[in-house]
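Visitor: A structural model of the following input is requested.
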Amino acid sequence: MKKHLILPVLILIFLGSASPQRDRPDPQRNGSSFPRPKTFPMLARIGNHSSPKVDVYVIEYFTGHLSTRIIPVISLFTIAVGIPSNILILWVLIFKTKKYSIAILYIGLALSDLLFLVMLSFKVHYHLNDNNWILGEAMCKMVTAAFYGNLYCSIYIIMCIGVKRCMAIVFPFAYRTLPKRRCTILSCILVWITVTCAMLPQFMIKQSYPLSLLEITTCHDVLPLMDLPKAYLFYYLCMTLVGFFIPFLVTTLCYISIVWQLDRSDHERIYYVRMCVLVLIIFTLCFMPSNVILFIHYVKLYTSNEGNFYSYHSAAVCLCSLHSCLDPFLFVFMSRTSGYKHKRISFNGNNLSLST
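Guide: The predicted model follows:
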């Protein structure tokens, strides 16, 4: 009798030891049981239950000094410097300007930078609160869309400034026949409408997700891949390509053409050389790292469902935010060229003419 019971007992022991392994897959394995999220490979849903599975390096990011101390400190410095400088530029442009032409673009750039810094303050609160978002889903969507929207709006306005100056110097005869104010206003309106439409997909997907293991609610940092269609990933690839790489190429060509066109003996050449260097610094130091890393991140996510690059992107956003502190210097350099009535900014009651 005992011999007949041996085989069934062995089968039950084997099934009992094997079934838990099927119910608890290895979170480090890139299997289909643990789909990759848009940002971090941490959130998985097993069966009909939501069960967050967080990798060790992700826990270190959300609880480490990078996201809870370093990023918010750099962002606070950017806010402290960027808001007063952009408010000062707006005050000069609005109250000290007689004629508006390219000044309209600088007003749009300063407004965009100010809105970017306001949205950055919400992200600072999020990081200082141990990466715990407490303002709700709707506010998370609004902050995310406005943050990226104003970032790309600044990039395109800088491109428009470069194109306008290139037209005035490289193609002066064609530039004189253009309705300058109308073209400038239409350019600003077109940029704002385009960026607003480009940010609409941010409102079409859930942005905040709770992580019960860490007892936090993330905002935009964790989006499950199973809830993220391939078209949404393709949208991010296009956003980085159209939002950064194309404007960077156009702006670089414009300023190189300006410097090349000006004679070496021209006293204005030095100002345009400095402006060209400043624009390249803004693009390469501030905009390029985050957009290149984000592009690589979504390529890897789109092709192989690997999302390990997002932590580097979060760190690069700190450099990206510094552009709001450097943009006012573009206005300072531009105010010294002969296209303007006055060489220097005056705060002694004299109006500053920015007509070209």
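
Visitor: Does residue 192 touch residue 153 like I think?
Guide: Yes - if you go by CB atoms under 8 Å, residue 192 and residue 153 touch, sitting 6.6 Å apart. Glycine gets a C-beta too; all of them are placed from N, C-alpha and C.

Visitor: Show me the helices in the protein, by range?
Guide: 2-23, 56-63, 65, 71-95, 103-128, 137-170, 172-176, 180-198, 230-240, 246-261, 269-281, 288-304, 310-321, 323-334 (DSSP state H).

Visitor: When residue 192 and residue 153 are compared, which one has more neighbours?
Guide: Neighbours around residue 192 and residue 153, counted as other CB atoms under 10 Å, are more numerous at residue 153. The numbers are 27 against 18.

Visitor: who touches that one in this structure?
Guide: 108, 112, 191, 192, 195 (CB atoms under 8 Å, 6 or more residues apart in numbering).

Visitor: quick one: least confident helix or strand in the protein?
Guide: strand 43-46 (a mean of 34; mean pLDDT, DSSP states H and E).

Visitor: Pull the most distant pair out of the contacts of residue 153.
Guide: The span of those, defined through CB to CB, is set by 108 and 195 at 11.0 Å.

Visitor: picking up where we left off before, between residue 192 and residue 153, what contacts are shared?
Guide: residue 108.

Visitor: Show the buried residues in the contacts of residue 153.
Guide: Among the contacts of residue 153, those classed as buried by neighbour count (16 or more other CB atoms under 10 Å) are 108, 112, 191, 192, 195.

Visitor: Can you tell me which of the residues you listed is nearest residue 218?
Guide: Checking those against residue 218 by CB to CB gives residue 195 as the nearest, at 24.8 Å.

Visitor: which residues does the closest one contact?
Guide: By CB under 8 Å, 6+ apart, the neighbours of residue 195 are 149, 150, 152, 153, 156.

Visitor: 6 Å instead, please
Guide: 149, 152, 153 (CB atoms under 6 Å, 6 or more residues apart in numbering).

Visitor: would you turn those residues into CSV with pLDDT?
Guide: Formatted as CSV, those follow (pLDDT from 0 to 100):
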residue, pLDDT
149, 91
152, 93
153, 93
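
Visitor: Closest to residue 215 out of those residues?
Guide: Nearest member of the contacts of residue 195 to residue 215, counting by CB to CB, is residue 149, at 30.9 Å.

Visitor: Please verify my assumption that the closest one contacts residue 199.
Guide: Yes - counting by CB atoms under 6 Å, residue 199 is a contact partner of residue 149 at 4.3 Å.

Visitor: Okay, now the unreliable bits of this structure?
Guide: For the chain, the stretches with pLDDT under 70 are 1-58, 98-102, 224-229, 263-268, 304-309, 334-356.

Visitor: how does it look with 80?
Guide: Along the chain, segments meeting pLDDT under 80 span 1-61, 96-102, 222-233, 262-272, 274-275, 297-315, 330-356.

Visitor: Show me the residue at the heart of it, geometrically.
Guide: Nearest to the mean C-alpha position of the chain, counting by CA atoms, centre = their mean, stands residue 148 at 4.5 Å.

Visitor: any idea what sits nearest that residue, other than its immediate chain neighbours?
Guide: Ranked by CB to CB, 6 or more residues apart in numbering and with sequence neighbours excluded, the top spatial neighbour of residue 148 is residue 199, at 6.5 Å.

Visitor: what's the neighbour count on that neighbour?
Guide: 21.

Visitor: can you check residue 136 too?
Guide: 12.

Visitor: Run through the bridge partners of the closest residue to it other than its chain neighbours.
Guide: Nearest non-adjacent residue to residue 136, counting by CB to CB, 6+ apart: residue 208, 7.6 Å away. When bridges are called by DSSP bridges, residue 208 pairs up with residue 219.

Visitor: Surely residue 220 and residue 142 touch.
Guide: No - applying CB under 6 Å as the test, residue 220 and residue 142 come out as separate, 11.3 Å apart.

Visitor: who's more crowded, these two?
Guide: residue 220 (22 against 18).
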